[in-house]
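A.B. asks: okay, here's the prediction I keep looking at, along with the sequence it came from:
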Amino acid sequence: MTISRIDPDSLPPAVGYSQATVAEGTCIVHVAGQVGITPDGTVVGPDHRSQLEQALRNLKLALEAAGATAGDVAKVTFYVVDYGPEVLGALFEATAAVFGSEPPTSAATLVGVAALVDPEYKVEVEATAILT
């Protein structure tokens, strides 16, 4: 599996993600949207930071169950309710807490949304990984 991360000088600097990724491999892993709940369905807290960390932990577990790692992720999308500038800081903190020094550096999109499927949910994270 090869994922090339592309950050051309002709685009603004990408901080914590890549402007584009080219994925070559034979197996595509699509991870469904993960939210900030524990295995028993309990929402971990009312704030973005705690829900981001749990959603990313759930994402990591799903990737591992499929035989993938953060380095195999080609694209990640964050859906965020009540987005504000402080959420970006919480996102970076939660990513570091879950993935340490090897976070996904794939193409990434953050989308502010009016609501998610449950009114308690503040974030949802989905990803696509490539395996050989």
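C.D. replies: Okay, I see it.

A.B. asks: which helix or strand lies directly C-terminal to the helix-or-strand element of the chain with minimal mean pLDDT?
C.D. replies: Least confident helix or strand of the chain, by mean pLDDT, DSSP states H and E, is strand 20-24 with a mean of 80. Remark: after strand 20-24, the chain's next helix or strand is strand 27-35, criterion DSSP states H and E.

A.B. asks: who does that following strand pair up with?
C.D. replies: Applying DSSP bridges, strand 27-35 is found paired with strand 123-131 (antiparallel).

A.B. asks: give me the contact list for the strand it pairs with.
C.D. replies: With CB atoms under 8 Å, 6 or more residues apart in numbering as the contact definition, strand 123-131 has outside contacts at 1, 3, 23-36, 48, 51-52, 55-56, 59, 63, 66-68, 72-81, 104, 106, 116. In short, each C-beta sits where N, CA and C put it, glycine included.

A.B. asks: show me what the longest helix seen in the chain is packed against.
C.D. replies: Counting by DSSP state H, the longest helix found in the chain is helix 48-65. Applying 3 or more CB pairs under 8 Å, 6 or more residues apart in numbering; DSSP states H and E, we find helix 48-65 packed against strand 27-35, strand 73-81, helix 85-99, strand 123-131.

A.B. asks: the first one to helix 48-65, inter-axis angle?
C.D. replies: Just to be clear, that refers to strand 27-35. Angle of strand 27-35 versus helix 48-65, following axes from the mean of the first three to the mean of the last three CA atoms, to 10 degrees, is 150 degrees.

A.B. asks: what residues of strand 27-35 count as buried?
C.D. replies: 29, 31, 33, 34, 35 (16 or more other CB atoms under 10 Å).

A.B. asks: and it, how far out from the chain's middle?
C.D. replies: 10 Å (CA atoms, centre = their mean, to the nearest Å).

A.B. asks: what does the third one give?
C.D. replies: Between the mean C-alpha point of helix 85-99 and the mean C-alpha point of its chain there is a distance of 10 Å (CA atoms, centre = their mean).

A.B. asks: alpha carbons only: can I get stretch 64-77 in CSV?
C.D. replies: Output of stretch 64-77 as CSV, limited to C-alpha atoms (Å, rounded to 0.1, in the frame of the first residue of the first chain):
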residue,chain,number,x,y,z
GLU,A,64,-7.3,-1.8,13.7
ALA,A,65,-10.1,-4.3,13.4
ALA,A,66,-9.8,-4.0,9.6
GLY,A,67,-6.0,-4.4,9.8
ALA,A,68,-5.3,-0.7,9.2
THR,A,69,-3.4,2.0,11.0
ALA,A,70,-3.5,5.8,11.0
GLY,A,71,-0.8,5.7,8.3
ASP,A,72,-3.1,3.9,6.0
VAL,A,73,-5.8,6.6,6.1
ALA,A,74,-6.2,8.4,2.8
LYS,A,75,-9.1,10.6,3.8
VAL,A,76,-10.8,11.7,7.0
THR,A,77,-13.9,13.8,7.4
